[in-house]
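K.L.:
Predicted model follows, preceded by the sequence.
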Amino acid sequence: MFKARSMSWLGTAGLAMGLCLPGAAFAYGESDAIRDCNSRMRADYSLSDFRSESAEKLPGGGHRYKVVGKTKIDGKKHSYSCEIKDRRVVAVNYDGPEPEGLGTAEKLAIGAAAAIAAGVAASAMSKDKEPEPAPPAAPAPEVKVRSNGNMEVAVAGGCTVLYNDIGLRESVSSRCTDADVAAAKRAMNQYLAKQSSSR
C-alpha cells in the first residue's frame, strides 16, 4: 500500500514539474521550425517537394528561427524561406510560380490590378496611333485518347502533357512551360466536363 501511494505521489510530482518547466517539457528546435515552415508553404503555395532545408536560430531570445529551403516544380528549383517567432510563422518568401487555384478574392484583386494597369498604359499611349493588330491566336490544345485509356494533351510548340484515364496528370514533356501546363489542364477539364455531360 505504501508503494502504491508513493508511486502515485511521484507521478503527481512529475506532472507538476513538467507544468512548471514548459521549456524543458515542450522544447522547440530547428526540426520544429522546419516542420512549421513546410506546413505554411504547403498551405499557402501547395508545395510538397521540400529539399535542402535548414534552420538557423536567430538572436534576440525566444523561439526565433529562419528556415530556408528549395522546392522543385516542373523540373525547376525554387527557393523559399520562413521567419519563425514564438513558434509561429510570421513571414514567408517564395520565388516560384503561384498555385493555380486562387480564391475568388485573390482573382478579383488580380483582375482589378490588371484593369488599373491596362488603363494607365492606355492613357500613356498616344491617342493618334492606330492599334496594332493582335497576333494570331495559338491553336487550342488537342486532347487525344490512347488505346489504354490515358489521355494526351498536345499544346502548340511541342508540349505534351499525359493524364491517366480519370484525368490526373502523370507526366509533362520537357518542352512545356508553366503556361503550357495550365493550358493543358484547362483543355483536360473542358474535355472531361464535355464527356460527363454527354453520358
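P.N.:
Happy to help now that I have it. These numbers come from a predicted model, not from an experiment.
K.L.:
ok, residue 92 - how many residues close by?
P.N.:
Counted by other Cβ atoms under 10 Å, the residues lying close to residue 92 total 15. For glycine as for every other residue, the C-beta is placed from the backbone atoms N, C-alpha and C.
K.L.:
Student question: in this protein, what's the helix or strand with minimum average pLDDT?
P.N.:
Among the helices and strands of the chain, helix 22-25 carries the lowest confidence by mean pLDDT, DSSP states H and E, at a mean of 47.
K.L.:
Would you mind pulling up the elements that the helix or strand that it is followed by packs against?
P.N.:
For helix 22-25, the following helix or strand on the C-terminal side (DSSP states H and E) is helix 30-45. Judged by 3 or more Cβ pairs under 8 Å, 6 or more residues apart in numbering; DSSP states H and E, helix 30-45 is in contact with strand 50-57, strand 64-73, strand 76-85, strand 88-94.
K.L.:
Tell me which of those lies nearest to residue 145.
P.N.:
Ranking the helices and strands packed on helix 30-45 by proximity to residue 145 (Cβ to Cβ) places strand 64-73 first, at 27.4 Å.
K.L.:
quick one: strands adjacent to that closest one?
P.N.:
Paired strands of strand 64-73, with direction, are strand 50-57 (antiparallel), strand 76-85 (antiparallel) (DSSP bridges).
K.L.:
Of these, flag the one that's most buried.
P.N.:
Mean neighbour count (mean count of other Cβ atoms under 10 Å) peaks for strand 76-85 among those, with a mean of 17.
K.L.:
what sits up against that one?
P.N.:
Residues outside strand 76-85 that contact it (Cβ atoms under 8 Å, 6 or more residues apart in numbering): 33, 36-37, 40-41, 45, 47, 51, 55, 58, 62-72, 89-97.
K.L.:
tilt between that strand and helix 30-45?
P.N.:
On the basis of axes from the mean of the first three to the mean of the last three Cα atoms, to 10 degrees, strand 76-85 is oriented at 120 degrees to helix 30-45.
K.L.:
Could you export strand 76-85 as CSV, CA atoms only?
P.N.:
Below are the C-alpha coordinates for strand 76-85, written out as CSV (Å, rounded to 0.1, in the frame of the first residue of the first chain):
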residue,chain,number,x,y,z
LYS,A,76,12.9,23.8,-61.9
LYS,A,77,14.2,24.5,-58.4
HIS,A,78,12.7,27.5,-56.5
SER,A,79,13.9,29.0,-53.1
TYR,A,80,11.7,29.6,-50.1
SER,A,81,12.2,30.9,-46.6
CYS,A,82,10.2,31.5,-43.4
GLU,A,83,10.8,33.5,-40.3
ILE,A,84,9.5,31.9,-37.1
LYS,A,85,8.8,33.9,-33.9
